[in-house]
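[1] any chance you could fold what I've pasted below:
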Amino acid sequence: MNKILEVESLSVFYENNQAVKDISFQADKGRLIGIVGPNGAGKSTLIKAILGLEKAQGKVTVLGEKVNEVRKQISYVPQRNQIDWDFPVLVEDVVMMGRFTHIPWYKKAGKKDQEIVIESLEKVGMLDYRKRQIGELSGGQQQRVFIARALAQHAELFFLDEPFVGIDVTSEEIIINLLREMRDNGKTVFVVHHDLSKVEHYFDELLLINKELVEFGEVKAVYKPDILSKTYKGSITLFGQDENIMVVSE
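    Numbers count the residues shown, from 1 in each chain. Just a heads-up that it's a prediction; the model follows:
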């Protein structure tokens with residue numbers, strides 16, 4: 001079975017406002033997928049609904065099972081502004097949180113868990129910071145630590161909500177290269193992303209939404225002015241040697 005995620009008629013309501021409307025799609029294993037749309041389009045809400053963090057209507061299956069039955073196989077990195085960076089916790093302890101789904105409540109973390117934490121920190125270039133307080137780090141370093149936490153979980157399906165916002169160029173390069181490596185190892189990674197100029201270089205597929213699903217498919221098939229104009233409800237212009245996309249009006 002190559003399908004890892006199936007979403008059927010997923011909808012989310014906030015009082016009288018429908019934040020996500022009747023979204024259906026399927027995703028294969030080993031894909032790096034960008035979730036793109038304007039502010040207020042429901043990108044983050046869609047992720048949370050898939051994860052069961054928002055009350056929703058519809059059906060979601062991961063590896064053919066209900067989400068709660070395969071929770072260990074799903075990892076989530078929220079937006080940085082949703083995290084309390086003043087909480088006194090060490091970098092290595094944050095990454096160890098990724099192991100909690102694998103450790104019975106009556107046991108302590110073992111040697112294998114410690115080794116996985118070290119390996120995960122090495123992959124994001126943060127091993128030397130493992131004894132630092134998380135709040136002492138730069139934005140890019142903090143994001144890399146939370147990517148390490150996701151890696152430590154050894155999941156199959158990953159959701160990252162705007163991981164490139166407010167970080168340095170070095171951290172962004174480290175993270176996107178790591179996401180590509182995860183993809184090449186058969187993992188499926190969804191990334192909420194806002195920089196349209198980089199989607200061709202970063203993703204295999206795009207999921208374009210504006211409360212409703214506008215289009216989902218290979219980047220070359222959906223990264224087009226008419227589809228983007230429909231997504232952003234405005235004019236789109238292709239320009240430059242790399243055909244970067246600029247939203248002229250919304």
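[2] just the pLDDT for the residue of the chain most remote from its centre.
    In the chain, counting by C-alpha atoms, centre = their mean, Y106 sits farthest out from the average C-alpha position, at 30.8 Å. Note on Y106: pLDDT of 72.
[3] element containing H154?
    Under DSSP states H and E, no helix or strand contains H154.
[4] check the gap between it and V124 for me.
    Using C-beta to C-beta, to the nearest Å, H154 is found at 15 Å from V124. In this view, the C-beta of every residue, glycine as well, is placed from N, C-alpha and C.
[5] below-threshold pLDDT in the chain: ranges please.
    1, 235-250 (pLDDT under 70).
[6] need the residue closest to the centroid of it.
    Using C-alpha atoms, centre = their mean, the most central residue of the chain is L160, at 1.8 Å.
[7] return the residues in contact with that one.
    Applying C-beta atoms under 8 Å, 6 or more residues apart in numbering to L160 gives the contacts 76-77, 147, 150, 179, 189-192.
[8] partners of the strand or helix carrying it in the sheet?
    Assigned by DSSP H and E, L160 belongs to strand 157-161. Using DSSP bridges, the strands paired with strand 157-161 in its sheet are strand 74-77 (parallel), strand 188-192 (parallel).
[9] now do the buried residues in the host helix or strand of L228.
    Element membership of L228 [criterion: DSSP H and E] is helix 225-232. Neighbour counts over helix 225-232 (16 or more other C-beta atoms under 10 Å) mark 227-229, 231-232 as buried.
[10] need those in CSV (columns: distance to I174).
    Formatted as CSV, these follow (distance: C-beta to C-beta, whole Å):
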residue, distance to I174
I227, 31
L228, 28
S229, 34
T231, 29
Y232, 30
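[11] out of those residues, what pair is the most spread apart?
    Farthest pair in those (C-beta to C-beta) is I227 and Y232. Separation: 9.8 Å.
[12] buried residues of stretch 59-79, list them for me.
    Judged by neighbour count (16+ other C-beta under 10 Å), stretch 59-79 contains these buried residues: 60-63, 67, 70, 73-78.
[13] re earlier: ok, H154 and V124, which is more surrounded?
    Taking other C-beta atoms under 10 Å, H154 and V124 do not tie; V124 has more neighbours (23 against 16).
[14] the more buried one - nearest residue in space that isn't next to it in sequence?
    R144 (4.0 Å; C-beta to C-beta, 6 or more residues apart in numbering).
[15] distance of the one you found from R80?
    11 Å.
[16] could you do D22 as well?
    Shown here: D22 relative to R80, a distance of 30 Å by C-beta to C-beta.
[17] then K48?
    The spacing between K48 and R80, counted by C-beta to C-beta, is 16 Å.
[18] the more surrounded of the two?
    Counted by other C-beta under 10 Å, K48 and R80 do not tie: K48 has more neighbours, with 21 against 17.
[19] would you double-check that the more buried one falls in a helix?
    Yes. The assignment for K48 is a helix, going by DSSP: H, G, I helix; E, B strand; the rest coil.
[20] I'd guessed it sits against E54; true?
    Yes. Under the criterion of C-beta atoms under 8 Å, K48 makes contact with E54 at 4.2 Å.
[21] which residues in the chain form helices?
    Assigned by DSSP state H, the helices in the chain fall at 43-51, 91-96, 111-123, 139-152, 169-184, 199-202, 219-222, 225-232.
[22] can I get the contacts of L160 in CSV with distance to A27?
    As requested, the contacts of L160 are exported to CSV (distance: C-beta to C-beta, whole Å):
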residue, distance to A27
Y76, 15
V77, 17
I147, 20
A150, 17
L179, 15
V189, 10
F190, 8
V191, 12
V192, 14
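[23] if any of the residues you listed are buried, put those into a ChimeraX selection.
    Selection of buried members from the contacts of L160 for ChimeraX, criterion 16+ other C-beta under 10 Å:
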select :76,77,147,150,179,189,190,191,192
